[in-house]
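> Would you be able to build a 3D model of this:
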Amino acid sequence: MVFLSTPNEKTLSINVNPNSTTASAFSQLIHQRTHLPQSLLRYSLRLRNPNLHDDDTLSDLGFGPFSTVYLHIPLFGGGSRFDSKPPANYVAGLGRGATGFITRSDIGSATPGKSINETDEKMENDHKFDEFEGNDAGLFADSVFDEEEDKEADAIWEGIDKRMNLRREEHKEEPSNPKIREQFTDLKRTLHTVSAEEWDSIPETANYSRQKKKKRFASFVPVPDSVILDKAALDLTAVGEGRGTLLSLKLDELSDSFSGKTVVDPKGYLTELRNHEVEVLNDDLFNISRSRVLLKSVTMSNPKNPNGWIAAARLEERAGKLRVARALIQKGCSECPKDEDVWIEACRLAKPEDKKAVIARGVKQIPNSVKLWLEASKLEDDVRKSLVLRRGLENVPDSVRLWKTLVDMVNEEDAVVLLHRAVECCPLNVELWLALARLETYENTKKLLNKARIELPRERGIWISAAKVEEASGNTDKVGTVIEKALKALQREGVVINREEWIEEAEACERTGAVATCKAIIENVIGFDVEEADRKRTWVVDAEECKKRSSIETARAIYAHALTVFLTKKSIWYNAANLERSHGSRESLDAVLRKAVLYLPQVEVLWLMGAKEKWLAGDVSAARVILQEAHAAVPNSEEIWLAAFKLEFENKEMERARMILRKARERGGAGRVWMKSAILERELGNVEEEKRLLEEGVKLFPKFFKLWLMLGQLEERLNHLVQAKIVYSSGLDHCPQCIPLCLSLAELEEKKLNGLNKARAILTNARKKYPKEDELWLAAIRIELRHENKKEAERLMSKALQELPKSGILLAADIEMAPQCPLPKIKIKDALKKNCVKEAYVTASVAKIFWRERKVDKARTWFERTVKLDPDNGDFWALYYKFEVQHGSEEKQKEVLNKCVVSEPKHGEKWQAVSKAVENSHQSVEVILKKVAIALNREDHIY
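Now for the predicted structure:
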């Protein structure tokens with residue numbers, strides 16, 4: 001058998017004998033099976049023997065049984081197939097871009113009948129570029145052209161071209177369907193020529209789409225028959241109260257999370273503890289036998305360990321076997337007689353009549369045990385208790401606990417005697433020295449403290465007590481010397497001076513009434529470990545922290561020391577003045593301000609604070625003097641001019657006020673001066689003068705929007721609505737970012753001119769320019785609600801909350817718009833969790849919900865939180881006051897009034913409308929609060 005490997009990597013088995021099979025027979029057999037040419041096989045065999053003959057056997061070629069014959073494909077022309085002549089006009093390599101060349105054989109007999117010129121022309125034609133066929137045109141130049149196939153292809157392409165042309169013509173002939181906006185493009189180009197009068201004369205289009213819609217019947221759920229039949233079983237009022245209670249609990253959780261507290265239900269807590277105790281007891285009973293065996297092993301293996309006996313006795317006590325527990329603890333006392341814990345446990349477990357005997361045995365065993373003597377004193381009455389303690393001190397004279405307990409029980413005279421003995425026995429305890437010093441006379445106290453300093457040279461408390469003694473004796477001039485010596489002595493002893501600890505000591509001195517000692521400590525310690533560049537910031541922070549902890553004298557001392565270093569720092573003077581205004585007297589405040597303007601005469605706010613305090617105190621002439629001095633120090637200050645005007649205006653000195661404003665205008669006052677001048681003329685009823693001042697002001701200060709606003713409001717009061725519209729529009733041209741002007745224009749259009757559509761267009765354009773202004777969104781929502789377009793209002797609210805998800809005004813309005821039955825619990829929770837801006841509006845809405853549900857305590861809590869969050873909003877105070885008038889006592893009403901007067905609110909929609917009215921210009925905060933409360937109904941929107 002011989003194997004044959006073909007060029008396609010296949011192996012065939014040929015059943016022949018290599019010794020008898022000739023090469024010719026083998027070639028024929030392979031040709032029959034593989035159809036390969038015999039010449040290829042003979043070529044492969046000649047590779048083994050170039051002198052191959054047909055009658056040679058395979059063995060002669062070196063093939064034996066199981067040999068493999070490989071067929072090779074030659075890489076050069078050979079045989080009859082490769083000896084054939086090339087086609088006519090064939091040029092080798094022309095198809096792949098090779099350049100032809102001419103040899104001598106081309107000129108000779110190899111190319112008869114053709115000249116050199118003919119050959120060059122043909123080669124040049126072969127390489128000409130054809131637009132359709134490209135560089136390959138020469139390959140097919142002499143090929144036979146099939147005219148029938150070419151006509152068929154041309155016909156197909158012509159059909160395609162006709163079809164495409166037909167589709168293009170059909171598309172052009174289709175009628176166009178332009179949009180409505182494209183139909184009016186030519187007309188809209190001419191809108192810039194329309195004047196304002198022609199535009200206003202265009203009639204508004206009415207909305208007739210709703211007339212064709214059928215009104216849907218409201219769906220109602222019928223009440224079940226069981227409710228009608230069994231009215232007593234189901235109380236609908238109780239259901240409503242339950243719903244309100246559930247909301248109250250949820251809001252309490254949010255309230256406590258807001259204030260950082262936790263909610264603990266006492267009943268539920270005790271029930272939980274009881275259940276837990278039962279579970280523990282069951283577990284103990286389940287493991288009682290195992291624990292008993294374990295503890296028995298402990299006491300038997302180590303009987304001198306007191307903890308084992310105590311644990312075993314408590315286990316039996318827990319199991320209810322007191323007799324066994326007493327027996328075990330008595331055995332423990334026998335085994336461990338020198339351990340005080342065992343005797344105390346035995347006293348606890350003993351019968352009441354046996355307790356004294358048990359503790360007496362323990363004291364005999366351990367006479368120097370302080371715990372046992374204290375336990376023994378607890379078992380005696382007041383008369384014998386001191387005797388037991390004295391007996392204990394005989395055995396343990398250095399026990400501070402026994403001395404303190406005994407001193408607390410006796411009178412002052414006996415306490416002095418006992419403390420003298422105590423400091424002898426316990427000379428290193430500073431508390432005993434200080435207690436004795438408080439009971440002794442001045443001279444004896446000085447001697448005692450000197451002895452204490454010798455015994456305890458590193459104790460700062462002794463030095464501070466010495467300073468307090470000097471202060472109590474009236475020697476305040478020596479207090480600073482004592483503290484100064486204390487610091488030097490402690491530093492000599494190697495004590496590190498910690499300024500924070502000394503400041504705490506100063507605060508402790510203030511709480512005990514030792515103000516001079518407090519100031520001396522601050523003066524000597526405040527500069528320790530503080531870099532010179534950080535002194536101002538550090539001292540201000542220290543003072544503010546003391547102020548938060550109600551340590552006013554300490555904060556005052558810090559500011560006083562800081563002002564000796566930083567005489568020209570406005571912020572420190574201002575903070576010190578605020579401290580005196582909130583926690584000091586009028587005299588102390590006046591002294592600070594007088595000293596401040598002496599060093600800082602150019603600071604206006606210090607002059608104004610002094611003048612205001614004099615005015616509030618009722619001393620108008622003193623306030624005028626201060627303002628005159630301020631004007632001399634700062635000649636052309638607008639703030640001082642306006643403060644002088646306000647002083648005269650509030651005291652109804654109109655001519656003096658007018659003269660001050662006239663001088664201010666002549667000397668180049670700003671827009672506020674013109675505004676105050678217009679307010680004064682409005683108060684006096686001089687409409688023409690007011691209008692003249694406003695018109696003059698808007699020309700001089702076109703960027704001051706309040707002048708445009710006041711001028712537009714004046715035109716509205718005069719019923720010049722078109723002129724008011726022009727004023728508002730001009731104001732918006734000069735102050736495009738002014739929201740009040742935009743709101744006033746929209747309100748004018750809605751209520752007095754062109755109605756809803758024009759106002760809606762104004763607010764829409766404003767929202768496109770300033771989408772983050774919540775007042776614009778709120779105004780648009782209110783307009784829709786006033787015209788009963790609730791769905792449009794809800795749509796606007798949804799878009800507004802997408803733009804401003806943390807706006808407290810919008811969240812409050814969303815809560816108010818929600819149906820109140822059921823209560824909008826989810827919206828309230830989401831609003832409170834968002835940590836929104838102007839959160840007071842949200843809490844006010846929650847308070848109103850509780851008010852409506854008659855949850856008085858809850859409503860009061862949320863109103864208090866509202867006025868704390870935003871005390872400057874008068875609407876909140878008015879709502880709170882109205883609530884107290886309806887549900888609170890007179891004391892609560894007075895409390896709200898007083899807090900509102902202290903806060904002096906300036907903002908609020910209803911508050912500003914009432915307070916800025918001409919008839920209320922000189923009214924007090926209390927009067928305005930009551931008027932706003934009357935004008936503010938409970939269901940009015942306050943956002």
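> Show me where the stretch 751-900 of the chain has its helices.
Using DSSP state H, counting those that start in this stretch, the helices of the stretch 751-900 of the chain run over residues 756-769, 774-786, 790-803, 808-817, 825-833, 840-852, 856-869, 874-887, 890-903.
> right, and those - which one's nearest A917?
Closest to A917 of those, according to CB to CB: helix 874-887, at 13.3 Å. (Each C-beta comes from the backbone N, C-alpha and C, glycine too.)
> on contacts alone, who are the packing partners of the closest one?
helix 840-852, helix 856-869, helix 890-903, helix 909-915, helix 925-935 (3 or more CB pairs under 8 Å, 6 or more residues apart in numbering; DSSP states H and E).
> what are the ranges of the strands in this structure?
Secondary structure of the chain, counting by DSSP state E: strands at 2-5, 11-14, 68-70.
> Distance across stretch 396-405, terminal residue to terminal residue?
Counting by CA to CA, to the nearest Å, you get 13 Å between the two ends of stretch 396-405.
> Output the helices of the stretch 751-900 of the chain in TSV; the columns should cover mean pLDDT.
Below are these laid out as TSV (pLDDT from 0 to 100):
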stretch	mean pLDDT
helix 756-769	89
helix 774-786	90
helix 790-803	90
helix 808-817	87
helix 825-833	79
helix 840-852	89
helix 856-869	91
helix 874-887	91
helix 890-903	90
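> Any idea which of the ones you listed gets closest to R511?
Closest among the helices of the stretch 751-900 of the chain, using CB to CB: helix 890-903, at 26.2 Å.
> tilt between that closest one and helix 925-935?
Angle of helix 890-903 versus helix 925-935, following axes from the mean of the first three to the mean of the last three CA atoms, to 10 degrees, is 120 degrees.
> Name the residues that touch helix 890-903?
Residues outside helix 890-903 that contact it (CB atoms under 8 Å, 6 or more residues apart in numbering): 867, 871-872, 874, 877, 880-881, 884-885, 924-926, 929.
> can you rerun that using 7 Å?
Helix 890-903 is touched from outside by P871, D872, W877, Y880, Y881, E884, V885, V925, E926, L929, with contacts defined as CB atoms under 7 Å, 6 or more residues apart in numbering.
> give me the number of residues near the closest residue to the third one other than its chain neighbours?
Counting by CB to CB, 6 or more residues apart in numbering, the nearest residue to W877 once its immediate chain neighbours are dropped is C900, at 4.3 Å. The criterion is other CB atoms under 10 Å. On that basis, C900 has 22 neighbouring residues.
> now swap in D339 and tell me
Using other CB under 10 Å, the number of residues around D339 comes to 22.
> Equivalent analysis for the one 4 residues further on, please.
Neighbours of W343 under the rule other CB under 10 Å: 28.
> what about the residue nearest to it when sequence neighbours are not counted, distance to E345?
The shortest distance from W343 to any non-neighbouring residue, by CB to CB, 6+ apart, is to G362 (3.2 Å). Counting by CB to CB, to the nearest Å, the separation of G362 from E345 is 10 Å.
> sorry, back to before: how much space between the residue nearest to W343 and L393?
18 Å.
> just K404 next, same as before
Separation of K404 from L393 (CB to CB): 11 Å.
> between the two, which one's more packed in?
L393 (21 against 17).
> Number of residues surrounding Q737?
When neighbours are defined as other CB under 10 Å, Q737 has 12 of them.
> Number of residues surrounding the residue nearest to it when sequence neighbours are not counted?
Using CB to CB, 6+ apart and skipping the chain neighbours, the partner closest in space to Q737 is Y770 (7.0 Å). Y770 has 13 neighbouring residues, counting by other CB under 10 Å.
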